[in-house]
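Enquirer: Dropping the sequence and predicted coords here.
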Protein chains: 2
Amino acid sequence: MTSRKEYRTGKTVRFAPEIRFLKERYHLKLSDILIRSAQLFAKNGYHNTSMRDLAGAMNTSLAGLYHYFKTKEELLFLISQYSFDSVVRSLDERLQSTTNPSEQLHILVQNHLQFFVANLDAMKVLAHESDSLTGDNFRIINEQKKAYVHRLELILLEIHRGPSRKKSVRMTEDIKLAALYLFGMMNWTYTWYNPARREKSTSIEKVAHRMVEIFLKGFINN
Amino acid sequence: MTSRKEYRTGKTVRFAPEIRFLKERYHLKLSDILIRSAQLFAKNGYHNTSMRDLAGAMNTSLAGLYHYFKTKEELLFLISQYSFDSVVRSLDERLQSTTNPSEQLHILVQNHLQFFVANLDAMKVLAHESDSLTGDNFRIINEQKKAYVHRLELILLEIHRGPSRKKSVRMTEDIKLAALYLFGMMNWTYTWYNPARREKSTSIEKVAHRMVEIFLKGFINN
DNA sequence: GTATATTCCGAACGTTCGTTCGATAATTAA
DNA sequence: TTAATTATCGAACGAACGTTCGGAATATAC
């Protein structure tokens, strides 16, 4: 659209061509699709949500959806990718505020859980349904997961080194396992945390704090 | 079958009617079906495993399977039920060996993880797919889950009371949350534990021991 | 032996699924 | 304005799904 009716006079006025207008619209609708799809996938599961369900939940036809992705699996991949990017980007920003590894641990847990709660649907899909991916899609998401876990491992390694920063301490099997324990605590929350009744007693920040507290005391006294 | 050929003479010999033979055969095949189905469900997911897949994996026809359960969902229910019964029964037996709550905690975690590893397929289904149940099936399994979690809560309450056994201590929100954290640690193992390479360093008993260690230190110093 | 109950199966039914196609509507370019 | 690109959609396709049915095969009872 290069010209619009001016409201008051009805005179036709010429605008500079809005080059990015279409792409904006495209990406706006795409992200809308991703969000709504994640909601349905989270509620009913990936395999239990049909393309017709998705089309019905949005203002599009079944065939119209395929303008935004090639297959249903690509849609799942896009949701996973988008979620992961957001978590990691947010984490990177926050981690720069300190070099104290215990504080960094706290930041990681806080960031992870806050994102979990804020995007419960998408994260449920990511933690729960990404096994449904195949081929390259599966590989890409899995590598991102590994990289994410490795961040925690590195923080735990620094904590284990202690303030002396002795260089001899290596990444042990114990540290890798401990990281998995902590992720277990965090990721399991999607099965029981109810954001509807987030009284202060169970605010996600308190949950995060208590998790770190429990984990850290046990981890440090090795 | 009331008569069999005797091997040496070929003479027909009469046996007492084996009343339970048929029921034995029935339940033998049923449990075989449950085990094999759990394997497939665990590997490919409940919704991604078709009745034809199941029939193909066993020595039965598609229609023949329906002699042992009414619907596919009932099959999932039977698997879940069977797994739960086994875990709880085993736990009850072991718990009688001590009244020390810390030891009981250790027993619960050990029992849970050992069962997880020994029946990785079925437990994966139980922890992962039981949301696919509906109606009464869902309700029954969910109540069993709650009861199981409550056992842990009671043990944690005793630990929290301490040796003095003061009666004033009540079940707090913190204890309930802590129970969920611990279950998170335990149940998440199915995503990473590989029974194939169970070197001594990551034997499930050591994993259980370390989990209790980490959790307990943090939980006690409240 | 015959009669009864159990176990098994080939073939099909009706439904739902993900995806595609051809065409129409809407937007952008010039 | 006209041409080109993008967005949308109704309708249909082939495949796969869970389930059913009538009868065959087998085992049990008497």
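Expert: Nice, I can see it. Numbering: from 1, shown residues only, chains lettered A, B, ... in the order given.
Enquirer: List the buried residues in the longest helix seen in chain A.
Expert: Longest helix in chain A by number of residues (criterion: DSSP state H): helix A:135-161. For helix A:135-161, burial by neighbour count (16 or more other CB atoms under 10 Å in any protein chain shown) applies to A:137-138, A:141, A:144-145, A:148-149, A:151-153, A:155-160. Quick note: C-beta positions are derived from backbone N, CA and C, even for glycine.
Enquirer: for stretch A:94-113, same thing?
Expert: For stretch A:94-113, burial by neighbour count (16+ other CB under 10 Å) applies to A:L95, A:P101, A:Q104, A:L105, A:H106, A:I107, A:L108, A:V109, A:Q110, A:N111, A:H112, A:L113.
Enquirer: which SSE is the third one in?
Expert: The secondary structure element spanning A:Q104 is helix A:101-118 (assigned by DSSP states H and E).
Enquirer: just the angle between that helix and helix A:135-161, please?
Expert: 140 degrees (axes from the mean of the first three to the mean of the last three CA atoms, to 10 degrees).
Enquirer: show me where pLDDT drops low in chain A?
Expert: A:1-23, A:167-168, A:171, A:198-201, A:222 (pLDDT under 70).
Enquirer: Give the next helix or strand downstream of the helix holding A:Q104.
Expert: Helix A:101-118 is succeeded, C-terminally, by helix A:120-129 (DSSP H and E).
Enquirer: Pull that next one out as CSV, backbone CA atoms only.
Expert: Extracted C-alpha coordinates of helix A:120-129, given in CSV (Å, rounded to 0.1, in the frame of the first residue of the first chain):
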residue,chain,number,x,y,z
LEU,A,120,4.6,-22.5,30.8
ASP,A,121,3.0,-23.7,27.7
ALA,A,122,6.0,-23.4,25.4
MET,A,123,8.4,-24.7,28.0
LYS,A,124,6.2,-27.7,28.7
VAL,A,125,6.4,-28.4,25.0
LEU,A,126,10.1,-27.9,25.0
ALA,A,127,10.9,-30.1,28.0
HIS,A,128,8.2,-32.7,27.1
GLU,A,129,7.7,-33.0,23.4
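Enquirer: what sits up against it?
Expert: Contact with helix A:120-129 is made by A:34-35, A:38-39, A:41-43, A:45-46, A:76, A:79-80, A:82-84, A:115-116, A:141, A:187, A:190, A:193, A:195, B:128, as judged by CB atoms under 8 Å, 6 or more residues apart in numbering or on different chains.
Enquirer: Mind giving me the ChimeraX select for those, buried ones only?
Expert: Restricted to buried positions by 16+ other CB under 10 Å, the ChimeraX selection for these reads:
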select /A:34,38,39,41,42,45,46,76,79,80,82,83,84,115,116,141,187,190,193 /B:128
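Enquirer: quick one, strands of chain A?
Expert: For chain A, the strands defined by DSSP state E occupy A:3-5, A:12-14.
Enquirer: circling back to that earlier point, helices and strands around the longest helix of chain A, which ones?
Expert: helix A:72-95, helix A:101-118, helix A:173-187, helix A:204-220 (3 or more CB pairs under 8 Å, 6 or more residues apart in numbering or on different chains; DSSP states H and E).
Enquirer: Need those in CSV (columns: distance to DNA strand C).
Expert: CSV is the format used below for the helices and strands packed on helix A:135-161 (distance: least, CB to the nearest atom of the strand, whole Å):
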stretch, distance to DNA strand C
helix A:72-95, 3
helix A:101-118, 26
helix A:173-187, 25
helix A:204-220, 32
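Enquirer: Distance to B:N59 added to those helices, as CSV?
Expert: Shown next, in CSV, are these (distance: least, CB to CB, whole Å):
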stretch, distance to B:N59
helix A:72-95, 33
helix A:101-118, 45
helix A:173-187, 38
helix A:204-220, 48
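Enquirer: A:D32 and B:L34: what is the separation?
Expert: To B:L34, A:D32 is 43 Å away according to CB to CB, to the nearest Å.
Enquirer: Many thanks, we can stop here.
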